[in-house]
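*Asks:* sequence first, then the predicted structure:
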Amino acid sequence: MTTFISAVISGLGLGAVYSLIAVGFVIIFRATGVLNFAQPVFMIFGTYVSYVVTSQWGLPFPVAVVCAIAAGALVAMGTERIAMRPMVGRPSFAAALVTIGLFAAGIVVTTKLIGHNVINSGDPWGMTNICLGGERRVDGAVIAGMQAPCIGGVTINYTDIAKIVFATAAIAALGWWLGRSRYGLAMRATAMDQEVAQAQGIRAGAVFSVSWGIAGGLAALAGVHVGMAPGGVSALAAFIALKALPAIILGGLDSVKGAVIGGVIIGVVETLTKVYQPGVAPWLGANFDIVMPYLVMLIVLMIRPY
């Protein structure tokens, strides 16, 4: 049971990361009708910025989070203005192809920035694990240190708690902003009917820019969380963001709540598969958990495509 609880909590942390990326996909899709495949670039860029701020500049982790979100939002808004604004009025398929090109170009750029190094975005509290219902022991002696392994209880990674807390706060703030602020209402109106919104004086271009900025900021925040991984991550970790696609297929392309629910489901399913599949179905091969999100997506598309 302790293994199951630990796996679920770890899955919720992973699902929080997927939810942040998936909500970014949904925000851009609702505002522009375009599925933005460049999200992984903004994610790994956020990891890189947080790494520079914490490891090279020596600033606190909260500062790194703010810098990463701001940098991700600015890069996304610049990308929209330069590459996507000329695609307004063009078929959505053509615009989606442009985002695929941006993804490829962005991976090259971030790989050049990061190189073959393994980077880490830092630890939110400088701690590792917390033990519930057990004791911390080193060489058989009970100690009070937070770095000790957990024996006889549930082990929870502090980074998983950070992922859940940060993602919940960010998505809740976004939901409040979308429902109450002037720009949030403008985004909702543009998503419903762009021509009518423009007739009411709403600047569609500004709405597009803000939606990309929000998506870039959320992806960068997810990148900070991805960079918390023990041992760090490489530039290829950007491909983790593509697992948000099964989440939005599961939850709906135009639903923020659906994206959050889909992200959590995908994260928990992937983690449980990683923990239990080697013992239950080893014939599926190693690392089958990587395939599981896409298998869930295929099952949903086959059974309940609408």
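*Replies:* Done, it's in.

*Asks:* and the strands in the stretch 1-150 of the chain, which stretches?
*Replies:* Using DSSP state E, counting those that start in this stretch, the strands of the stretch 1-150 of the chain run over 129-132, 135-138, 141-142, 150-151.

*Asks:* immediately after the last one, which helix or strand?
*Replies:* On the C-terminal side of strand 150-151, the nearest following helix or strand under DSSP states H and E is strand 154-157.

*Asks:* now for that next one, which elements pack on it?
*Replies:* On a contact count with 3 or more Cβ pairs under 8 Å, 6 or more residues apart in numbering; DSSP states H and E, strand 154-157 meets helix 2-32, strand 129-132. Using the backbone N, CA and C atoms, a C-beta is placed for each residue, glycine as well.

*Asks:* where does the prediction get shaky in this protein?
*Replies:* Applying pLDDT under 70 to the chain picks out residues 125-153, 193.

*Asks:* what about Ile27, distance to Ala215?
*Replies:* The gap separating Ile27 from Ala215 is 5 Å, by Cβ to Cβ, to the nearest Å.

*Asks:* more neighbours, the two?
*Replies:* Ala215 (29 against 25; other Cβ atoms under 10 Å).

*Asks:* mind checking the SS state of the more buried one?
*Replies:* Under the three-state scheme (DSSP: H, G, I helix; E, B strand; the rest coil), Ala215 adopts helix.

*Asks:* what sits against it?
*Replies:* Remark: with contacts taken as Cβ atoms under 8 Å, 6 or more residues apart in numbering, Ala215 is in contact with 23-25, 27-28, 36, 39, 42, 76.

*Asks:* try it again with 7 Å
*Replies:* 24, 27-28, 36, 39, 76 (Cβ atoms under 7 Å, 6 or more residues apart in numbering).

*Asks:* go on, Gly122?
*Replies:* Gly122 sits next to 50, 54, 61, 64 when contact means Cβ under 7 Å, 6+ apart.

*Asks:* re earlier: can I get the contacts of Ala215 in JSON lines including distance to Ala94?
*Replies:* Output for the contacts of Ala215, formatted as JSON lines (distance: Cβ to Cβ, whole Å):
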{"residue": "Gly24", "distance to Ala94": "21"}
{"residue": "Ile27", "distance to Ala94": "21"}
{"residue": "Ile28", "distance to Ala94": "15"}
{"residue": "Asn36", "distance to Ala94": "14"}
{"residue": "Gln39", "distance to Ala94": "18"}
{"residue": "Ala76", "distance to Ala94": "20"}
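
*Asks:* for ChimeraX, what selects the buried ones among those?
*Replies:* Selection of buried members from the contacts of Ala215 for ChimeraX, criterion 16 or more other Cβ atoms under 10 Å:
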select :24,27,28,36,39,76
